[in-house]
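1. The amino acid sequence is not available; the structure is as follows:
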DNA sequence: ACAATTTCTTAATGTACCTTATTGGCTAAC
DNA sequence: GTTAGCCAATAAGGTACATTAAGAAATTGT
């Protein structure tokens, strides 16, 4: 099991003691996930927090009309999971699907809570992570209510160039909240200017 | 200084020891804020976290065209602040304005960090708070990319009936990401059905 | 109590974005 | 090598929402 990426990831936020590293490693489980495989299905409870070591995922909401709306992507060194279901224990309304063949590290809710209680550093780290995620989410809300699709696309390309090269336009369109057709006309307009 | 609401608020999440209550009270500052007064202006750094004891606020982004976009409202027992600026120490791009005459309790960044270090319970509480805020923010993103303005308005009214009665339609429209004129036609359509 | 603002509404016109349908290129399956 | 399926691109007609302007109603400050 290759835990180096996640230890490096945490250490960059707050340096870890050897004991904390051991405690962390003892609760991580490595899994190999193939393209198009799901690690969370609608109506299942999200009981694991997932760290992406290699590969790419998308988390989406399937609406009543059967349309998918991408809430989040995750590549190397990103976390992914339905936090709401994770904490409430209620069935998730989201799906998480691998876009590429991937390797992940997972930690169970119970183990994570124990980590928080025994080593408050993990509590601090995860507080900072969710605060950062909240800031990013708020920026996205402001973009959705205040910017055009073209502006959102340009910002997406600038902000996440590494996504841009790995994720199909269909998925990007779903993330931005437009149809693939309209994204296509946006791209054409940008290219010709 | 009336600290009862905030102590009750925390105790509902996790019971507090007398020592923790004392530590908390020692860093809180009460302020009276009049309607239309700002507790955060664009380009200022957000150095305080604000708990609303009484009254109502809105936090909004002022775009380059001079349009305001409401990111959040806050009434009794809500927190409000620009978390991004609070943590990065960089100037905020947001404004926080009182919609009603209000009473607030504020805590400085430094004091809050000390609380987190000395009493990990506060760290746990604030982690939970920001996780909950993140879940709500994600739901809002999904609504923005997947629902019509009418659906968003109906959900808003159901989810926040206490906002609905206190906040003008101009402000609600800005929160939903539509013009007041269009919100008016939505309301008319709903009323006549 | 009055004037000044702000708020809500209506309506005409314009634009951003959706829907549906068609095409061709690419990849994977047999 | 053919067949299917996925993805990108394009076009036409339709809908959701914005803009502008104007007037009525409600709140607010003094």
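-> Alright, I've got the coordinates. Because the structure is a prediction, the values reported are computed rather than measured. Numbers count the residues shown, from 1 in each chain, chains lettered A, B, ... in the order given.

2. Which residues does the helix or strand bottoming out on mean pLDDT in chain A contact?
-> Every helix and strand of chain A was ranked by mean pLDDT, DSSP states H and E. The lowest is helix A:161-164, at a mean of 89. Contact with helix A:161-164 is made by A:73, A:75, A:156-157, A:172, as judged by CB atoms under 8 Å, 6 or more residues apart in numbering or on different chains. The way it works is simple: take the backbone N, C-alpha and C, and place the C-beta from them, glycine included.

3. Which ChimeraX command selects the buried ones in those residues?
-> This is the ChimeraX syntax for the buried subset of the contacts of helix A:161-164, where burial follows 16 or more other CB atoms under 10 Å in any protein chain shown:
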select /A:73,75,156,172
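
4. on that earlier part again, which other helices and strands contact the helix or strand just after the least confident helix or strand of chain A?
-> For helix A:161-164, the following helix or strand on the C-terminal side (DSSP states H and E) is helix A:169-176. Applying 3 or more CB pairs under 8 Å, 6 or more residues apart in numbering or on different chains; DSSP states H and E, we find helix A:169-176 packed against strand A:68-74, helix A:149-159, helix A:180-191, helix B:120-146.

5. any chance of those in TSV, with distance to residue B:96 too?
-> Output for the helices and strands packed on helix A:169-176, formatted as TSV (distance: least, CB to CB, whole Å):
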stretch	distance to residue B:96
strand A:68-74	27
helix A:149-159	24
helix A:180-191	34
helix B:120-146	15
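
6. wait, which of these is closest to residue B:92?
-> In terms of CB to CB, the element of the helices and strands packed on helix A:169-176 nearest to residue B:92 is helix B:120-146, at 16.9 Å.

7. want to try TSV for the helices and strands packed on helix A:169-176, with distance to DNA strand D and mean pLDDT as columns?
-> TSV is the format used below for the helices and strands packed on helix A:169-176 (distance: least, CB to the nearest atom of the strand, whole Å; pLDDT from 0 to 100):
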stretch	distance to DNA strand D	mean pLDDT
strand A:68-74	11	96
helix A:149-159	12	96
helix A:180-191	4	95
helix B:120-146	10	97
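
8. Rebuild the ones you listed as JSON lines, extending it with distance to DNA strand C.
-> As requested, the helices and strands packed on helix A:169-176 are arranged in JSON lines below (distance: least, CB to the nearest atom of the strand, whole Å):
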{"stretch": "strand A:68-74", "distance to DNA strand C": "11"}
{"stretch": "helix A:149-159", "distance to DNA strand C": "4"}
{"stretch": "helix A:180-191", "distance to DNA strand C": "3"}
{"stretch": "helix B:120-146", "distance to DNA strand C": "8"}
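
9. Of these, give the one that comes closest to residue B:93.
-> Minimum separation from residue B:93 across those (CB to CB) falls at helix A:149-159, 14.1 Å.

10. Can you check what angle separates the closest one from helix B:120-146?
-> The directions of helix A:149-159 and helix B:120-146 differ by 130 degrees, with axes from the mean of the first three to the mean of the last three CA atoms, to 10 degrees as the criterion.

11. quick one: helix A:149-159 near chain B?
-> No: Helix A:149-159 stays clear of chain B (CB under 8 Å from any CB of the partner chain), getting no nearer than 9.8 Å.

12. got the contact list for residue A:125?
-> A:10, A:13-14.

13. what subset of these is also close to DNA strand D?
-> With CB under 7 Å from any atom of the strand as the criterion, those include none near DNA strand D.
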